[in-house]
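Student: make a model of this:
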Amino acid sequence: MKFEQFKSGVWRQQFQYKSFFPVLVNQQWTWEDPAINTLLEKANKSLGELNAFSLIVPDIDLFVQMHILKEAQTSSMIEGTKTSIDEALMPEEQIAPEKRDDWHEVRNYIDAMNSAVAELQNLPLSNRLLKQTHEILMRGVRGEHKQPGEFRRSQNWIGGSNLSDAVYIPPHQSEVVELMSDLEKFWHNEEITLPDLVRGALTHY
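Tutor: I've put the predicted structure just below:
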C-alpha cells in the first residue's frame with residue numbers, strides 16, 4: 001500500500017453504535033514522497049548520536065531503569081494514578097496507606113516492562129509476550145478481575161459516559177484476535193522490506 005493512498009480504516013455498524021476497524025498492516029508499504037526519505041535519514045542520524053552518547057554513560061542499565069520509571073509514572077497519570085517518582089522508588093512500607101493502590105500500579109508497570117525486556121531473550125516479540133506482560137501489569141490492582149493477560153471480551157470506549165456519547169470506539173471484541181494476529185505476522189514478515197522506524201510507527205498505530 002502506498003502511504004499517499006492510506007486510509008486508516010472504516011467504521012463498522014454494530015447494534016446501536018459504530019466501532020472503528022483499522023486497516024490490516026501485514027502488507028507491503030511504499031511511498032513516493034521524497035520528504036519521507038529525508039525525515040528517515042534525520043531520524044536515523046539522531047538515533048546514531050543517541051547510541052554514541054550511551055557509550056559515555058557510566059551505567060547505561062541504571063539510565064534505562066530510570067527512563068522506565070519515568071515512563072511508568074507518566075503513563076499511569078493518564079489513568080488517574082498519582083504517584084511521584086520519589087514515591088515510586090520507595091519501599092511499600094514507606095508509602096502512606098491511602099497511596100498504596102496507586103503505588104502498586106506504577107510498580108506493576110515497572111515490573112511488567114522489566115519482565116518483557118528480559119523475556120525477549122527467550123521469546124520473540126509476540127502476542128504471547130504481550131499477554132504475559134499485561135498479566136503482570138494488572139496483578140493485584142484495579143482491573144485485576146477483568147481477564148488479565150487476555151484479549152478483551154467486551155466493547156470498550158474512550159471519552160463519554162457510555163457507547164452513545166463516546167469520543168472513540170475501538171474495534172469490536174470479536175475482531176481483536178484477527179487484528180492482533182495480523183500485527184504479529186507483520187512483525188515477523190521478512191517478505192516486507194521496510195525500515196525499522198516505519199515498521200515501529202505502523203506497530204504503534
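
Student: do a quick rundown of the helices in the chain.
Tutor: With DSSP state H, the ranges of helices along the chain come out as 34-54, 60-78, 85-89, 100-119, 127-137, 176-188, 196-204.

Student: got a markdown table for these, with distance to K2, mean pLDDT and mean neighbour count too?
Tutor: The way it works is simple: take the backbone N, C-alpha and C, and place the C-beta from them, glycine included. Shown next, in a markdown table, are those (distance: least, C-beta to C-beta, whole Å; pLDDT from 0 to 100; neighbours: other C-beta atoms under 10 Å):
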| stretch | distance to K2 | mean pLDDT | mean neighbour count |
| --- | --- | --- | --- |
| helix 34-54 | 11 | 94 | 11 |
| helix 60-78 | 33 | 81 | 14 |
| helix 85-89 | 44 | 82 | 14 |
| helix 100-119 | 33 | 90 | 18 |
| helix 127-137 | 28 | 95 | 17 |
| helix 176-188 | 17 | 97 | 15 |
| helix 196-204 | 13 | 94 | 13 |
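
Student: can you redo these as a markdown table with distance to S8?
Tutor: Shown next, in a markdown table, are the helices of the chain (distance: least, C-beta to C-beta, whole Å):
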| stretch | distance to S8 |
| --- | --- |
| helix 34-54 | 17 |
| helix 60-78 | 22 |
| helix 85-89 | 35 |
| helix 100-119 | 27 |
| helix 127-137 | 22 |
| helix 176-188 | 13 |
| helix 196-204 | 11 |
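
Student: for E4, find the nearest of those helices.
Tutor: Among the helices of the chain, the nearest to E4 by C-beta to C-beta is helix 34-54 (9.8 Å).

Student: could you list every helix and strand that that closest one packs against?
Tutor: Helices and strands touching helix 34-54, by 3 or more C-beta pairs under 8 Å, 6 or more residues apart in numbering; DSSP states H and E, are helix 196-204.

Student: against F53, how distant is the closest residue to G9 other than its chain neighbours?
Tutor: Distance criterion C-beta to C-beta, 6 or more residues apart in numbering; nearest residue to G9, sequence neighbours excluded, is P22 at 4.0 Å. P22 sits 36 Å away from F53, taking C-beta to C-beta, to the nearest Å as the criterion.

Student: just L183 next, same as before
Tutor: Taking C-beta to C-beta, one finds L183 at 32 Å from F53.

Student: next one: Q132
Tutor: 32 Å.

Student: do I have it right that the residue nearest to G9 meets S8?
Tutor: Yes. Assessed by C-beta atoms under 8 Å, P22 is found in contact with S8 at 6.2 Å.

Student: overlap in contacts, those two.
Tutor: Common contacts of P22 and S8, defined by C-beta atoms under 8 Å, 6 or more residues apart in numbering, comprise Y205.

Student: these two: which is more packed in?
Tutor: P22 (16 against 9; other C-beta atoms under 10 Å).

Student: okay then, goodbye and thanks.
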